[in-house]
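Visitor: Give me coordinates for this.
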Amino acid sequence: MTAMSKAFATAKDFGASLAALPRADVGRRQSACHRQQRLTKPPGSLGRLEDIAVWLAGWQQGGTPRADNIKVVVFAGNHGVASRGVSPYPPSVTEQMVANFESGGAAINQITCALGLDLQVMPLNLQTPTNDILTGAAMSVADTLEAINIGAAAVDDGLDILITGEMGIGNTTIAAALSAAVFGGTGADWAGPGTGHDKDGIARKADVIDKAMARFRNECGAATAFETLRQLGGREQAAIAGALLAAREKRIPVILDGYVVCASLAPLFKDNPAIVDHCIAGHVSAEPAHARLLQNLGLPPLLDLGMRLGEGTGAALAAGIVRTAAATHNQMATFEEAAVENRTDAG
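Guide: Coordinates of the predicted model:
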């Protein structure tokens, strides 16, 4: 990785930012709710589209929901735990897929192109996998801070919405370990097929997670968000965490992708559950534990398409719904503008 200025100089800085999160603007939310009541439709008839518009308005400057300038950032990392047979694919596939992203050949390229979303791909020191989480911390403090700051630096000023995606062979094992660390349970509770494991492969993956969790709990006890990411995460998970926190500080709403992205948020949620307030879940993955994770985070998904690819694909598709929510809020006529009689309170 190249040297860069640090948004978070220490783990303590990261924790302090997480403890002092900006809140949504109540006045802007109320104004958006008032407009929703004046639009030419029965109250609540657009369902979650109305909620999304109000949610956007509460976070964005000016109070008018916007969903034009949307950026998808895909972070890629390699994991030492991949040597334990937790994926049917070798770690070399991570770098090969990054090349595929960069040449425009992956699913996320087609989705972002179709929807007019900006896409940035950020490989994170792929030649040096993180350490095996069964034997010790995945990363040093310095490596964790570097990844967090790379993620934070990817959040441009002026974005309407941020989407983070990921690529990394073995990273659903990492997601399962992070989920277990935050919400408890065994490896079997959080392990799934990932890139295509059969029943035996899932059982092997669950055993690896249990052994990693035994080490973590014995060595770390009640770990902070930063320490949980350092011990059990990977560079892409730390980068996602940094991007999500930076987006909150800049009041940029976030559409979350699948299991790995939401698991990257989980340690932050444990330290401060309000971290989810500027986030919505774009979809629920076919990875079985993702639905359980979303329930624990209190985030109902927008889409359920049976997807489990990662890359930010589910969240990118959900961006179309969020754009529609903003468009209906901003461009529909009010009852007064359309000369349509509004409902009365009688009867």
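Visitor: how near is Gly258 to Val81?
Guide: 19 Å (Cβ to Cβ, to the nearest Å). Placement of C-beta: from N, CA and C, glycine included.
Visitor: go on, Glu95?
Guide: Here Glu95 is placed at a distance of 17 Å from Val81 (Cβ to Cβ).
Visitor: higher neighbour count, the two?
Guide: Shown here are Glu95 and Val81; by other Cβ atoms under 10 Å, Val81 has more neighbours (29 against 16).
Visitor: which residues are contacting the least confident helix or strand in the chain by mean pLDDT?
Guide: Least confident element among the helices and strands of the chain, by mean pLDDT, DSSP states H and E: helix 199-220 (a mean of 92). Residues from elsewhere that reach helix 199-220 (Cβ atoms under 8 Å, 6 or more residues apart in numbering): 81, 84-86, 88, 133-136, 173, 176-177, 180-181, 186-188, 190-194, 197, 223, 227-228, 231-232.
Visitor: Going through these, which ones are buried?
Guide: Among the contacts of helix 199-220, those classed as buried by 16 or more other Cβ atoms under 10 Å are 81, 84, 86, 133-134, 173, 176-177, 180-181, 187, 190-194, 197, 223, 227-228, 231-232.
Visitor: out of the contacts of helix 199-220, which are inside helices?
Guide: 173, 176-177, 180-181, 187-188, 190, 227-228, 231-232 (DSSP state H).
Visitor: Now for these: which two are most distant?
Guide: Of all pairs drawn from these, the widest gap by Cβ to Cβ lies between Ala188 and Glu227 and measures 24.9 Å.
Visitor: these two touch, right, Tyr259 and Ala289?
Guide: Yes. With contact defined as Cβ atoms under 8 Å, Tyr259 counts as touching Ala289 (6.4 Å).
Visitor: Between these two, point out the one with more neighbours.
Guide: Shown here are Tyr259 and Ala289; by other Cβ under 10 Å, Tyr259 has more neighbours (29 against 23).
Visitor: quick one, phi/psi of that one?
Guide: Backbone torsions of Tyr259, given as degrees, to the nearest 10, read phi -60, psi -50.
Visitor: Same check on Val74?
Guide: The phi/psi pair for Val74 (degrees, to the nearest 10) reads phi -100, psi 120.
Visitor: Check the secondary structure at the residue lying closest to it once chain neighbours are set aside for me.
Guide: With sequence-adjacent residues excluded and distances taken as Cβ to Cβ, 6 or more residues apart in numbering, Val74 is closest to Gly165, at 4.0 Å. Under the three-state scheme (DSSP: H, G, I helix; E, B strand; the rest coil), Gly165 adopts strand.
Visitor: Please tell me the pLDDT value assigned to Gly165.
Guide: As predicted, Gly165 sits at a pLDDT of 98.
Visitor: distance of it from Glu146?
Guide: Separation of Gly165 from Glu146 (Cβ to Cβ): 20 Å.
Visitor: which of the two has more neighbours?
Guide: Gly165 (30 against 24).
Visitor: close enough to count as contact, the residue nearest to Val74 and Tyr259?
Guide: No. Checked against Cβ under 8 Å, the pair Gly165 and Tyr259 is beyond contact range at 11.9 Å.
Visitor: Now the common contact residues for the two.
Guide: In contact with both Gly165 and Tyr259: Gly310, using Cβ under 8 Å, 6+ apart.
Visitor: Am I right that Leu265 is in contact with Leu244?
Guide: Yes. Counting by Cβ under 8 Å, Leu265 touches Leu244, with 5.9 Å between them.
Visitor: what sits in contact with each of the two?
Guide: Residues touching both Leu265 and Leu244 (Cβ under 8 Å, 6+ apart): 275, 279.
Visitor: Pull out the buried positions in the least confident helix or strand of the chain.
Guide: 201-202, 204-210, 212-213, 215-216, 220.
Visitor: need those residues in TSV with distance to Leu297, can you?
Guide: Shown next, in TSV, are the buried residues of helix 199-220 (distance: Cβ to Cβ, whole Å):
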residue	distance to Leu297
Gly201	27
Ile202	23
Arg204	27
Lys205	22
Ala206	22
Asp207	26
Val208	24
Ile209	19
Asp210	23
Ala212	22
Met213	19
Arg215	25
Phe216	20
Cys220	22
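Visitor: Where does pLDDT dip in this structure?
Guide: Across the chain, the ranges flagged by pLDDT under 70 are 1-6, 344-347.
Visitor: So for stretch 265-282, first residue to last residue, what's the gap.
Guide: 14 Å (Cα to Cα, to the nearest Å).
Visitor: tell me how far that stretch is from the chain's mean position?
Guide: Distance of stretch 265-282 from its chain centroid, counting by Cα atoms, centre = their mean, to the nearest Å, is 9 Å.
Visitor: Sort out which residues of that stretch are buried, please.
Guide: 265-272, 275-282.
Visitor: just checking, Val72 touches Cys113?
Guide: No. Shown here, Val72 and Cys113 do not form a contact pair, counting by Cβ under 8 Å, at 10.9 Å.
Visitor: And these two? Which one has more around it.
Guide: Under the neighbour definition other Cβ under 10 Å, Val72 and Cys113 were set side by side, and Val72 has more, 27 against 11.
Visitor: So which other helices or strands are in contact with whichever strand or helix holds the more buried one?
Guide: Using DSSP states H and E, Val72 maps to strand 70-76. Judged by 3 or more Cβ pairs under 8 Å, 6 or more residues apart in numbering; DSSP states H and E, strand 70-76 is in contact with helix 92-102, helix 107-115, strand 118-123, helix 141-153, strand 161-167, helix 235-249, helix 313-331.
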